[in-house]
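Chemist: just to be clear, the model below is a prediction. Sequence and coordinates:
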Amino acid sequence: MFTQIFFGYCALMIISSGILAISLRNPVHCVLMVLVLFFHMAGLYLTLNAEFLAAVQIIVYAGAILVLYLFVLFLVSLREELNLDAFVPSAWLGRIIAVGLAGGLLFVIPSFILGEKGVWSMSAIKELTHTKALGQEMYSTYLLPFEIAGLILLIALIGGLVLARREANIPLEPEAPEESQTCGHPNRKEVSL
Amino acid sequence: MIPLSWYMALAAILFCIGVCGFLTRRNVIVMFLSIELMLNGVNLNLVALSHFLESLRGQAFTFFIITVAAAEAAIGLGIAISLYRSRRTVHVDTINQLKG
């Protein structure tokens, strides 16, 4: 009974803060709403006996990724927002597509049938603790994907460095190439400063 | 005990909130946040299924999805910053040209 009330509270908070996150005008408020959503998602992971993933959700998602978003939001000035053209011509068409997709997904859920059960029953996980069980699975069965995940993080690190560095070292260029560009862009140096 | 269909319904609703945000908002950073919402919906589905199937496969997959989401956020926000820089310099250039 308590678990169901807890699930209801988490579901209500997740849906309401998700809707607020995509509808608020100020992007900083959007990020804070997503933070609330991630904490309640960690609560739902706890009801599913996945303590390690709940901790990872809070540490990595709420602690690292959202802080990265906040840094970028404060780096990019809020008055001059980065806007792209929307993918659909009007906002109402996008909302209709999303509601139709939700209706379709909710319609097919009751016909879902569970497959064969695996070897990690709840008592086996409780006996070994969840972190240890997940670690055993991760370092034996999924060793190659684990290494590939490390490679992905390395590529993201290098890519982030390259993307952030390219414009930053323009003011540090020597004078010689600056003079050759002078005819085209007289104020080039002041602009980049 | 909470039935599996509740989790799947919540995950579907969360995914569709993300789709709605991605299609309707025009701010790049809010679009990235909507992608994070979609990934979280998928994560919830995977963890719930792995609990009810008594297997750790879904949770291992969730682990890798979190890794890829971190990499995607870093690269996407780097692209957003360089886009902002190039747009700002273009903006200032036109102002200078107008001034003569």
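Modeler: Great, that's in hand.

Chemist: tell me where chain A has helices.
Modeler: Assigned by DSSP state H, chain A shows helices spanning A:2-23, A:27-47, A:51-56, A:66-75, A:91-108, A:122-128, A:130-140, A:143-165, A:175-180, A:188-192.

Chemist: could I get those as TSV with mean neighbour count?
Modeler: Bear in mind the C-beta positions are built from the backbone N, C-alpha and C, glycine included. Conversion of those to TSV gives the following (neighbours: other C-beta atoms under 10 Å in any protein chain shown):
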stretch	mean neighbour count
helix A:2-23	17
helix A:27-47	20
helix A:51-56	19
helix A:66-75	16
helix A:91-108	14
helix A:122-128	13
helix A:130-140	15
helix A:143-165	14
helix A:175-180	9
helix A:188-192	16
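
Chemist: where does pLDDT dip in chain B?
Modeler: B:87-100 (pLDDT under 70).

Chemist: from A:Phe146, how far out is A:Ala156?
Modeler: Using C-beta to C-beta, to the nearest Å, A:Ala156 is found at 16 Å from A:Phe146.

Chemist: quick one: residues contacting A:Lys126.
Modeler: Applying C-beta atoms under 8 Å, 6 or more residues apart in numbering or on different chains to A:Lys126 gives the contacts A:Asn49.

Chemist: what about 7 Å?
Modeler: Not one residue lies near A:Lys126 by C-beta atoms under 7 Å, 6 or more residues apart in numbering or on different chains.

Chemist: mind listing what's buried along stretch B:51-71?
Modeler: B:51-67, B:69-71 (16 or more other C-beta atoms under 10 Å in any protein chain shown).

Chemist: same question for stretch B:69-83.
Modeler: Applying 16+ other C-beta under 10 Å to stretch B:69-83 flags B:69-78, B:80-82 as buried.

Chemist: does any part of that stretch sit near chain A?
Modeler: Yes - judged by C-beta under 7 Å from any C-beta of the partner chain, stretch B:69-83 and chain A are in contact via B:69-71, B:73-75, B:77-83.

Chemist: keep only those of these that are in helices.
Modeler: Counting by DSSP H, the residues of stretch B:69-83 next to chain A place B:69-71, B:73-75, B:77-83 in helices.

Chemist: which among those residues gets closest to A:Leu106?
Modeler: Using C-beta to C-beta, B:Ala69 is the member of these that lies nearest A:Leu106, at 24.9 Å.
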